[in-house]
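Novice: quick one, fold the following:
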Amino acid sequence: MVTVSSFVLITAALWYSVVSATETQNCSSVAAIAAQTCQQLESSLGSTIVQTQTSGSEYAIGANFAWSTFSDEVNFQPSCIVFPNTTQHVQTAMKAIFENKADYAVQAGGHSGMIGWNTVQNGVLISFMNMNSTSYDSESDTITLLPGIHWGDATSALQQYGVAPVGGRIATVGTGLLLGGGISYLSPAEGYAADNYVSLDVVLVNGTLVTATADNEYADLFKALKGGGNRFGIYPNSSSEALLAALAHFIHDTADPNAATTFRTTWENSSQDIELDVILVYNGTEASFNTSFAEFLSIPYTSSALQALSYLDLLNAVTFPDGLGTLFGASALTGVPASTLADQYLETYRLYNNFSTAFASSTDIAFTLLDFSPVPKSQIQAGYEKGTNPIVPPLGTGGYFEILFQVTYAEGITEPSPDVEQGRQLWISTAPSTPGLPFFLNEADANQQILATYGGYEFLKQVYTKYDPTRFNVQHTQGPLGL
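Specialist: Numbers count the residues shown, from 1 in each chain. I've put the predicted structure just below:
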């Protein structure tokens, strides 16, 4: 059994994850403003904390820290990188960025499929690489996370206390997951990862530090930042229809908050094969596991590794390669009752299969992936019980799956090829989606209107206007569209 705790996130957001950028100045003036801001920051914070390509040994690490190589130094060269050690350093950096009207970006764990969301050209990059600790308060049963921590490291540090955070499903993912809501293996019982906030220390665009909680004067900001993840089996491709039906039935019918599943189909260029993987996670007994996942277990599989795992082992069980350019696309589908055809699930898979087949001869692509992450009814209910968030649909909405379409390019490819990108956009525009369901911000294309799919979209727009009335972030940093 896994015991979970709520958490406090320090210096979390800067509102970078709920805004988009527009061109407001020409490139030369943008670069000049950034250079001036960097000089000012180096003077006030020192050359160890503020580094440029020529002045610091950590610059290259920060500039190439992004998980997707499309956002690495080959395509983006920040004018300087700020490596804060304290919240005060972040305040100083944001105050200078705001006053000089400089472009900027914020990087926590670096795990993003959106080009330029965690780096910047001719601007200031704030890297939380050095703010990466975790602590636990047993009296209040709260976990305190600094923004540079990865979920594997956080879970490892907390294991000695017998608690776990409701965090990412892959060890190398960072705290930026929270700003998109965050799906955890514990979400069916605990809600989105962000539903478990206790308080948030937030640096606003002008450098002001505020602490937001559910019941203080920044309660609207607290809510807006909630979105504004063992047992394994590998199945033959011939089982795809049965597995897709099992997914649709599971998310429609399940009432067990201890059960979570993820379905992933992967096509690899090197083998030209499609592999179907299902991760079945149960926080309880083997008998209950067998009951909740009976339909999955009845489907023929080619190999399996059914075993009890610690929560940390679970996070380390699934990995993705670093150092490759990766892009995402999102959709969402509701479940269907047992014995009902899962037509939209089958169509989603067919379109994915068509894309992979069409580009089978392309040496640009390393692999493609189609992933179904569950948001069961119990997770929606948990979110409402914990003060609600801007993501979830109205109570009474059935469970659904967040769908990720991922294209990962081969080593050495530094930008997407036009023909592959055209095919990827075709999948995004034609893949089925259920009206009224929110898409998952963390696993979407940069040009999809994700926030507009949220039940609390109008609330988000109101809160954004309140805390950034001059629309500074929309003009100076990359992020989701719609505000």
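Novice: would you map the strands across the stretch 101-250 of the chain?
Specialist: Taking DSSP state E, counting those that start in this stretch, the strands of the stretch 101-250 of the chain run over residues 104-107, 124-127, 134-137, 142-145, 164-165, 197-203, 209-213, 231-235.
Novice: tally of neighbours for Gln422?
Specialist: 10 (other CB atoms under 10 Å). Bear in mind the C-beta positions are built from the backbone N, C-alpha and C, glycine included.
Novice: re earlier: out of the strands of the stretch 101-250 of the chain, nearest to Asp277?
Specialist: strand 231-235 (5.5 Å; CB to CB).
Novice: what about that closest one, average pLDDT?
Specialist: Strand 231-235 shows an average pLDDT of 26 in the prediction.
Novice: which residues touch the residue nearest to the spatial centre of the chain?
Specialist: Nearest to the mean C-alpha position of the chain, by CA atoms, centre = their mean, lies Asn442 at 3.2 Å. Asn442 sits next to Ser112, Gly176, Leu177, Gly180, Gly181, Gly182, Ile183 when contact means CB atoms under 8 Å, 6 or more residues apart in numbering.
Novice: then Asn85?
Specialist: Neighbours of Asn85 in contact, by CB under 8 Å, 6+ apart: Ile49, Asn130, Met131.
Novice: how close does it sit to Lys466?
Specialist: Using CB to CB, to the nearest Å, one gets 30 Å for the distance from Asn85 to Lys466.
Novice: do Gln379 as well
Specialist: Distance from Gln379 to Lys466, by CB to CB: 28 Å.
Novice: the more surrounded of the two?
Specialist: Using other CB under 10 Å, the more surrounded residue of Gln379 and Lys466 is Gln379, with 24 against 11.
Novice: surely the more buried one meets Tyr192?
Specialist: Yes - Gln379 is within contact range of Tyr192, at 7.0 Å (criterion: CB atoms under 8 Å).
Novice: quick one: average pLDDT of stretch 134-143?
Specialist: On average, stretch 134-143 scores 83.
Novice: same thing with stretch 49-62?
Specialist: 86.
Novice: how about that stretch: buried residues?
Specialist: When burial is assessed from 16 or more other CB atoms under 10 Å, stretch 49-62 yields the following buried residues: Ile49, Val50, Gln51, Thr52, Gly56, Glu58, Tyr59, Gly62.
Novice: quick one, what contacts the fourth one?
Specialist: When you say that, I think you mean Thr52. Thr52 is in contact with Cys38, Glu42, Tyr59, Ser79, Cys80, Ile81, counting by CB under 8 Å, 6+ apart.
Novice: skipping its backbone neighbours, what lies nearest Leu200 in space?
Specialist: Nearest non-adjacent residue to Leu200, counting by CB to CB, 6 or more residues apart in numbering: Ala212, 4.6 Å away.
Novice: where does the stretch 1-150 of the chain have low pLDDT?
Specialist: 1-28, 110, 113, 115 (pLDDT under 70).
Novice: same thing but 50
Specialist: Applying pLDDT under 50 to the stretch 1-150 of the chain flags the ranges 1-25.
Novice: ok, the stretch 151-300 of the chain next?
Specialist: Applying pLDDT under 50 to the stretch 151-300 of the chain picks out residues 229-238.
Novice: these two touch, right, Ser138 and Tyr161?
Specialist: Yes - checked against CB under 8 Å, the pair Ser138 and Tyr161 is within contact range at 6.9 Å.
Novice: tell me which of the two has more neighbours.
Specialist: Tyr161 (15 against 10).
Novice: show the contacting residues for that one.
Specialist: Counting by CB under 8 Å, 6+ apart, Tyr161 has contacts Tyr136, Ser138.
Novice: same thing with Thr265?
Specialist: So Thr265 contacts Ser240, Ile274, Glu275, Leu276, Asp277, Tyr349, Tyr352, Leu369, Leu370, Asp371 (CB under 8 Å, 6+ apart).
Novice: helix/strand/coil for the second one?
Specialist: Each residue gets one of three states, and Ile274 gets strand by DSSP: H, G, I helix; E, B strand; the rest coil.
Novice: what is it paired to in the beta sheet?
Specialist: Per DSSP bridges, the residues bridged to Ile274 are Trp267.
Novice: OK, contacts around it?
Specialist: Taking CB under 8 Å, 6+ apart as the test, what Ile274 contacts is Asn237, Thr265, Thr266, Trp267, Asn353, Ser356.
Novice: got a ChimeraX select line for the buried ones in those?
Specialist: Here the buried members of the contacts of Ile274 are turned into a ChimeraX selection, burial being counted by 16+ other CB under 10 Å:
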select :265,266,267,353,356
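Novice: quick one: distance of stretch 367-382 to the chain centre.
Specialist: Mean-position distance between stretch 367-382 and its chain equals 13 Å (CA atoms, centre = their mean, to the nearest Å).
Novice: list the buried ones in it?
Specialist: For stretch 367-382, the buried set under the neighbour-count rule, 16+ other CB under 10 Å, comprises 367-382.
Novice: quick check: the farthest pair among the residues you listed?
Specialist: Phe367 and Gln381 (36.0 Å).
Novice: which SS state does Ala308 fall under?
Specialist: Ala308 - assigned by three-state DSSP - is coil.
Novice: just use 48 as the starting number from now, easier for me
Specialist: Understood, numbering begins at 48; the last thing we discussed is Ala355.
Novice: report how many residues lie close to it.
Specialist: 10.
Novice: do you know how far it is from Glu333?
Specialist: From Ala355 to Glu333 the distance is 8 Å (CB to CB).
Novice: look up how far Ala306 lies from Trp164.
Specialist: In terms of CB to CB, Trp164 sits 32 Å off from Ala306.
Novice: if you could redo that for His296, that was the one I meant.
Specialist: With CB to CB as the criterion, His296 and Ala306 are 13 Å apart.
Novice: with Pro125 instead?
Specialist: Pro125 is 43 Å from Ala306, by CB to CB.
Novice: got it, and Gly382?
Specialist: Gly382 is 14 Å from Ala306, by CB to CB.
Novice: and what of Asn489?
Specialist: Distance from Asn489 to Ala306, by CB to CB: 22 Å.
Novice: okay, now the nearest residue to Ser126 once chain neighbours are set aside: neighbour count?
Specialist: Leaving out its chain neighbours, the residue that sits closest to Ser126 by CB to CB, 6+ apart is Ala81, at 3.8 Å. By the criterion of other CB under 10 Å, Ala81 has 23 neighbours.
Novice: name the helix or strand for Ala81, please.
Specialist: helix 74-92 (DSSP states H and E).
Novice: what helices and strands are in contact with that helix?
Specialist: strand 97-98, strand 127-129, helix 134-147, strand 171-174 (3 or more CB pairs under 8 Å, 6 or more residues apart in numbering; DSSP states H and E).
Novice: and the contacts of that helix?
Specialist: Taking CB under 8 Å, 6+ apart as the rule, helix 74-92 contacts 72, 97, 99, 102, 126-127, 129, 136, 139-140, 143-144, 147-150, 169-171.
Novice: can you pull the buried residues of that helix?
Specialist: For helix 74-92, using 16+ other CB under 10 Å, the buried residues are Val77, Ala78, Ile80, Ala81, Thr84, Cys85, Gln87, Leu88, Glu89, Leu92.
Novice: export these to a markdown table and tack on distance to Glu468?
Specialist: Putting those into a markdown table (distance: CB to CB, whole Å) gives the following:
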| residue | distance to Glu468 |
| --- | --- |
| Val77 | 26 |
| Ala78 | 27 |
| Ile80 | 31 |
| Ala81 | 28 |
| Thr84 | 33 |
| Cys85 | 33 |
| Gln87 | 38 |
| Leu88 | 36 |
| Glu89 | 38 |
| Leu92 | 39 |
